[in-house]
Each structure stands twice: as C-alpha cells, then as structure tokens.
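Novice: next input, structure requested:
(one chain, ligands or ions: 2)
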Amino acid sequence: MRQSALFTKTRREAPRDEEAKNAQLLIRAGFVHKEMAGVYAYLPLGLAVIEKIKQIVREEMQSIGGQEIIMTSLQRKELWEMTDRWDDKKVDVWFKSTFKNGSEVGFGWSHEEPITDMMKHFISSYRDLPAYVYQFQTKLRNELRAKSGIMRGREFVMKDMYSYTADETAHKAFYDSAIAAYLRVFERVGLGDRTFLTFASGGAFTQFSHEFQTLSDAGEDTVYLHRAKKLAINKEVLTDEVLAQLGVARGELEEAKAIEVGNIFDFGGVKSKQLGLFYKNEAGEEVPVHLGSYGIGITRLMGTVVEALSDEKGLVWPENIAPFALHLVSLGKDGDEVSRAADTLYDDLVKAGKDVLYDDRDLRAGEKFAESDLIGIPKRIVVGKDAAANGIFEVVDRATGAVSRESREKLLAK
Ligand SMILES: Nc1ncnc2c1ncn2[C@@H]1O[C@H](COP(=O)(O)OP(=O)(O)O)[C@@H](O)[C@H]1O
Ligand SMILES: [Mg+2]
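Specialist: Ligands and ions are numbered 1, 2, ... in the order given. Next up is the predicted model:
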C-alpha cells in the first residue's frame with residue numbers, strides 16, 4: 001500500500017485523555033481511534049494486526065478440532081436466569097436493554113449459556129460427542145474502570161471456545177491440548193518468553209482454572225512466578241495447600257505484575273444440567289455434557305504486545321502480527337531518480353507477494369524515519385541516492401536498530 005493513499009495520519013502528541021501507553025501509541029500511530037473510554041475503533045493498520053492475531057488463533061483452534069461459528073450479541077434473559085447469572089449482583093458487567101414489547105434482553109458479555117442451549121439441538125447421544133466450537137466476537141461489558149486502553153475495553157474482541165465432551169477423561173485430554181494450543185498462540189504472537197500458565201481460582205470439579213499471564217508493569221494482576229517451572233500462581237490461590245500441591249516453595253516464587261491474556265475453565269456438568277444439555281450414554285442413561293470454556297482476549301493481546309515490546313520511539317511489531325512486513329521509505333522527490341528506483345522496487349516487492357507499506361510521500365527524511373519508527377513495521381528499506389546510483393538499499397531492523405546494506409537482487413531473493 002502506498003502511504004500517500006492511507007487515510008490515517010500519525011500524531012506527534014499523545015491524546016490528553018489517555019493514560020495507557022498502549023492506547024497512546026496506537027492512537028498516535030493511527031492504528032485505533034478512541035470513541036469513548038474503553039471503546040475503540042480499529043483503523044486499517046490496527047485492523048491488519050487484529051486480523052493477523054485472529055488468523056494465528058484460528059489456525060491453532062482448528063488444529064485441536066475447533067469449528068468456527070458466530071453467535072449473536074443479543075441474548076435471552078431466560079437462559080441466564082437458569083444459571084443464576086442474569087442478576088446484576090451476580091454479574092456486574094451486564095449491559096441490558098428492553099424490546100419495544102417491554103421484555104428484557106442482554107448484550108453478550110460471554111456466551112456459555114446461549115451456546116450450551118443451542119447445542120441441545122445437536123447433541124443427544126454419545127455419538128454426537130465431542131464437539132468443539134469457537135468464535136471471534138465483540139463482547140460488551142460494562143466495566144467499572146476502563147483506564148488500560150485496549151487492554152480493558154467495554155467493547156472488545158474475544159476468541160471464546162467451548163468444549164462439549166462425554167466425561168472428565170475426555171474433557172481433561174482436550175483441556176490439555178487447549179493449554180498447548182494457547183501456549184503456541186502466545187509464542188507465535190511474540191510473547192512466548194514472558195507468558196506463564198497460571199493457577200487461578202474457579203473450576204467446577206478441578207480446584208483451579210488456568211490463566212495465561214503475560215509479565216508487564218502495565219498489568220492489573222499480581223502473580224507469583226516460578227521461572228524454572230515456567231508456571232505462576234495467582235494471588236487469590238496462593239495458599240500453603242496449593243504450594244504443596246504444585247510442589248513449589250514460597251521462597252522460590254517471585255512477585256510480578258501481569259496481564260491476563262487468556263483464561264480456561266472447567267464447568268464440569270453443572271451448566272449443562274442447569275440448561276438441560278444431556279446425552280444418552282452407551283448404557284442408555286441420561287448424562288449432563290461436560291463443558292469447558294476457553295477465552296483469549298484478541299484486542300487485549302494486541303495491547304499487551306504494545307506494552308511489552310514498544311520502545312521510546314514507538315511501536316515494535318513482531319513479524320507474525322505486523323500490519324506490513326516491510327516499510328519501504330523513499331527519500332526521493334517527485335519523479336526524480338531516487339523516487340523512480342523506489343517505485344520500481346515497490347512494484348517488484350508487490351509482484352513477489354510481499355506485504356509492503358510504501359512511503360512515497362514528499363517529506364523530509366527525518367520526519368519519515370520518525371513516523372516509520374512510530375508505526376513499528378519490522379524491517380525498513382530505505383531508498384536513497386545509493387539505491388539510484390548503485391542499486392544498494394539500506395535495511396533497518398526496527399527492534400534492534402541493526403542496519404545492513406543489500407543489493408536489489410539479494411533483497412528480492414530474501
Ligand atoms: N474488558 C476486557 N477488555 C479486553 N479483553 C478482555 C476484557 N475482559 C476480558 N478480556 C479477555 O478475555 C479473556 C476471557 O475473559 P474472562 O476470563 O471471561 O474475563 P474476566 O477475567 O474479566 O472474568 C481474558 O482472559 C482477557 O484476555
Ligand atoms: Mg478471566
């Protein structure tokens with residue numbers, strides 16, 4: 001894409017009403033637009049990042065048997081009453097409204113209830129199990145505090161997956177494969193080294209739920225890390241009993257701030273029983289279906305990458321989720337030799353199937369480099385006089401600042 005055609009612009013100043021580093025940088029670089037506290041629109045560059053993260057998550061969910069669907073945002077009150085989660089005292093993030101006929105409707109903050117109710121149409125026998133479904137959806141939550149930028153939205157994209165299995169054993173096997181898939185996701189988005197499988201409270205039968213916590217000073221959670229075992233324990237479950245169970249000593253743990261990027265949960269048969277999702281087993285008995293629930297905050301993950309990897313010059317995207325792989329920056333003036341060399345290289349890179357943002361604008365070099373640093377594309381190719389005269393291009397690595405000089409042939413071969 002030619003940058004002269006991109007409708008968004010970068011800004012020098014951070015917006016005054018935004019305290020979170022992730023949102024400040026993303027707004028300055030033109031990735032997101034703040035509509036109100038906790039509510040953000042995603043612009044072309046931001047959307048490209050979101051779509052790349054989603055595609056990684058999609059591949060990993062498919063690899064463990066997940067099938068993609070999209071549920072509705074409007075939800076029936078009756079279903080949430082059946083599980084005692086309609087009451088605002090039980091769930092404090094509900095947005096609700098009323099239809100013109102006066103009946104109430106909820107805006108989806110989560111989807112266990114409607115998905116489980118829907119599955120009654122498809123699951124009645126042991127032959128129908130297992131089933132694994134997932135979606136990417138905009139969740140609506142009336143969050144009390146929305147000061148962490150895109151990491152705590154009142155409207156945000158979540159991937160939520162639900163597993164329907166016959167029993168504890170089948171559930172456990174899938175649950176473990178989901179843990180492995182989640183760890184692959186965090187690795188692929190560039191957070192593998194700082195994301196920890198974390199023991200947290202909850203779970204119907206198991207004593208724990210599992211969170212995935214990424215170390216960051218911007219985190220709202222406190223965790224206790226065991227670096228050698230690559231696990232963490234959430235503050236709320238840090239007891240002598242749990243330490244003994246996990247085989248770790250208090251003195252080996254390190255307190256740290258972290259961001260909850262994912263959460264997986266075992267509901268056992270409880271919710272299925274409440275909502276009436278039973279199957280007939282081989283002995284002909286009616287048994288509640290075992291439910292597991294698996295969330296990743298897609299937009300939160302994007303914010304976490306910004307918090308973790310950006311530097312004083314701006315955003316730094318890992319290759320796998322960068323909006324573009326290459327930032328081609330021309331130092332030429334309209335129609336001169338340098339700009340013609342840049343045009344030609346741009347055409348060649350596009351033909352070679354590369355994802356390129358081409359800064360073809362007539363601006364000062366310093367201004368272009370500062371903007372390029374702010375946007376944070378992994379590799380910058382600079383086309384200056386040397387390119388026009390000798391076919392040599394300067395390649396700058398955004399993360400390390402390392403500079404190399406490459407011939408056009410070597411560049412294209414890469
Ligand atoms: N307000 C939010 N904004 C952005 N992402 C969120 C928000 N709330 C939750 N998430 C993401 O969705 C995942 C699943 O949510 P869940 O565990 O149900 O939320 P919570 O921990 O707030 O009860 C979380 O691990 C987190 O990554
Ligand atoms: Mg959670």
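
Novice: so where's the protein shaky on pLDDT?
Specialist: By pLDDT under 70, the weakly predicted segments of the chain are 203-206.

Novice: max-length strand in it?
Specialist: Looking across the chain with DSSP state E, the single longest strand is strand 254-268.

Novice: which helices and strands does that one pack with?
Specialist: On a contact count with 3 or more CB pairs under 8 Å, 6 or more residues apart in numbering; DSSP states H and E, strand 254-268 meets helix 168-188, strand 195-201, strand 208-215, strand 221-226, strand 290-297, helix 298-309. All C-beta atoms are positioned from the backbone trio N, CA, C, and that covers glycine.

Novice: and of those, who's closest to ligand 1?
Specialist: Ranking the helices and strands packed on strand 254-268 by proximity to ligand 1 (CB to the nearest ligand atom) places strand 290-297 first, at 2.6 Å.

Novice: that closest one near ligand 1 at all?
Specialist: Yes: shown here: strand 290-297 in contact with ligand 1 (CB under 6 Å from any ligand atom) through 295, 296, 297.

Novice: what's the closest non-adjacent residue to the last one?
Specialist: Setting aside the residues directly before and after it, residue 297 is nearest to residue 158 in space (CB to CB, 6 or more residues apart in numbering), at 5.7 Å.

Novice: could I get the buried residue list for stretch 252-272?
Specialist: By neighbour count, with 16 or more other CB atoms under 10 Å as the criterion, the buried positions of stretch 252-272 are 253, 256, 258-269, 271-272.

Novice: that stretch and ligand 1 in contact?
Specialist: Yes: for stretch 252-272, a contact with ligand 1 is found by CB under 6 Å from any ligand atom, at 260, 261, 262, 263.

Novice: likewise stretch 130-148?
Specialist: Yes: remark: stretch 130-148 sits within contact range of ligand 1 at 141, 143, by CB under 6 Å from any ligand atom.

Novice: again with stretch 164-182
Specialist: No: Stretch 164-182 does not reach ligand 1 (CB under 6 Å from any ligand atom); its nearest approach is 10.3 Å.

Novice: return that stretch as CSV; C-alpha atoms alone will do.
Specialist: Below are the C-alpha coordinates for stretch 164-182, written out as CSV (Å, rounded to 0.1, in the frame of the first residue of the first chain):
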residue,chain,number,x,y,z
TYR,A,164,-18.6,-30.5,24.9
THR,A,165,-17.3,-33.9,26.0
ALA,A,166,-18.7,-37.1,27.4
ASP,A,167,-16.8,-37.2,30.7
GLU,A,168,-14.0,-36.0,32.8
THR,A,169,-11.4,-38.1,31.0
ALA,A,170,-12.3,-36.8,27.5
HIS,A,171,-12.5,-33.3,28.9
LYS,A,172,-9.1,-33.5,30.5
ALA,A,173,-7.5,-34.6,27.3
PHE,A,174,-9.0,-31.8,25.3
TYR,A,175,-8.2,-29.3,28.1
ASP,A,176,-4.5,-30.2,28.0
SER,A,177,-4.5,-29.9,24.2
ALA,A,178,-6.1,-26.4,24.6
ILE,A,179,-3.3,-25.4,27.0
ALA,A,180,-0.7,-26.5,24.4
ALA,A,181,-2.5,-24.6,21.7
TYR,A,182,-2.7,-21.5,23.8
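
Novice: near ligand 1, which residues of the chain show up?
Specialist: 110, 141, 143, 152-153, 156, 158, 260-263, 295-297, 299-300.

Novice: next one: the longest strand of the chain to chain centre, how far?
Specialist: Distance, stretch centre to chain centre, for strand 254-268: 14 Å (CA atoms, centre = their mean, to the nearest Å).

Novice: what angle do that strand and strand 208-215 make?
Specialist: Orientation check (axes from the mean of the first three to the mean of the last three CA atoms, to 10 degrees): strand 254-268 against strand 208-215 gives 140 degrees.

Novice: after strand 254-268, which helix or strand is next?
Specialist: Using DSSP states H and E, the helix or strand that follows strand 254-268 towards the C-terminus is helix 270-275.

Novice: what does that next one contact?
Specialist: Helix 270-275 is contacted from outside by 79, 82-84, 112-113, 116-117, 120, 204, 278, 288-291, using CB atoms under 8 Å, 6 or more residues apart in numbering.

Novice: what subset of those is buried?
Specialist: 79, 82, 83, 112, 113, 116, 117, 278, 288, 289, 290, 291.

Novice: rewinding a little: in PDB, list the C-alpha atoms belonging to the longest strand of the chain.
Specialist: This file holds the C-alpha atoms of strand 254-268, laid out as PDB (Å, rounded to 0.1, in the frame of the first residue of the first chain):
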ATOM      1  CA  GLU A 254       8.900 -14.000  42.500                       C
ATOM      2  CA  GLU A 255       6.100 -11.400  42.700                       C
ATOM      3  CA  ALA A 256       5.300  -9.700  39.400                       C
ATOM      4  CA  LYS A 257       2.700  -7.600  37.700                       C
ATOM      5  CA  ALA A 258       1.000  -9.400  34.800                       C
ATOM      6  CA  ILE A 259      -1.800  -9.100  32.200                       C
ATOM      7  CA  GLU A 260      -4.400 -11.900  31.900                       C
ATOM      8  CA  VAL A 261      -4.300 -12.700  28.200                       C
ATOM      9  CA  GLY A 262      -6.300 -15.900  28.400                       C
ATOM     10  CA  ASN A 263      -8.400 -17.900  30.800                       C
ATOM     11  CA  ILE A 264      -9.600 -21.500  30.500                       C
ATOM     12  CA  PHE A 265     -12.200 -23.000  32.700                       C
ATOM     13  CA  ASP A 266     -13.800 -26.400  33.600                       C
ATOM     14  CA  PHE A 267     -17.600 -26.100  34.200                       C
ATOM     15  CA  GLY A 268     -18.000 -29.900  34.600                       C
END
